[in-house]
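Novice: predicted coordinates and the sequence they were generated for:
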Amino acid sequence: RAKMAHDRILLMGEVEYQKVPDLVGAFDVAVALDVVGRSDTVGNSNQKVRQGLACGAWILTQAADLPFDDLPYLGTNVQSRDPQHLADVIRKARVYFPMREKRVTYAVAHLSTATIFRKRHDAIVREATS
């Protein structure tokens, strides 16, 4: 059963699996913060980042291999996991929420499986061969 928590937040409870894509497509923000310690081992969850952008969501993440500094309408990298800090970052990013189509277009053009993992793959190969 859905409950309105705020005019922009709907708490869904359980959602049927078939309805998940429609629900995700309605998100303004996709949060892709890995479990503490996992980022240092395997890197950010780029799959969540890629899926969020493809759905048009603005991305809040850590250490993604994306040009957030040059294209802030895509999202941002954060270092702190403090809830107040994250809320402040999202509040400031509201100006980018309407740019859904730009994020989808970017994702289609640049985020195939091969390109999103290329930098990480190349870094692993360099490290292994040096």
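Specialist: Right, received. Where do you want to start?
Novice: name the helix or strand of this protein that has the lowest mean pLDDT.
Specialist: Lowest on mean pLDDT, DSSP states H and E among the helices and strands of the chain sits helix 38-42, with a mean of 56.
Novice: what packs against the helix or strand that it is followed by?
Specialist: Toward the C-terminus, helix 38-42 is succeeded by helix 46-54 as the next helix or strand (DSSP states H and E). With contacts taken as 3 or more Cβ pairs under 8 Å, 6 or more residues apart in numbering; DSSP states H and E, helix 46-54 sits against strand 29-32, strand 58-61, strand 75-77, helix 100-110, helix 113-129. Where C-beta positions appear, they are placed from N, C-alpha and C, glycine not excepted.
Novice: what would these look like in CSV with mean neighbour count?
Specialist: Formatted as CSV, those follow (neighbours: other Cβ atoms under 10 Å):
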stretch, mean neighbour count
strand 29-32, 19
strand 58-61, 23
strand 75-77, 20
helix 100-110, 15
helix 113-129, 11
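Novice: hey, least reliable of these by pLDDT?
Specialist: Ranked by mean pLDDT, these bottom out at helix 113-129, which scores a mean of 70.
Novice: spit out the contact partners of the closest residue to G52 other than its chain neighbours.
Specialist: Nearest non-adjacent residue to G52, counting by Cβ to Cβ, 6 or more residues apart in numbering: A30, 2.8 Å away. With contact taken as Cβ atoms under 8 Å, 6 or more residues apart in numbering, A30 is in contact with 24, 48-49, 51-53, 55, 57-60, 75.
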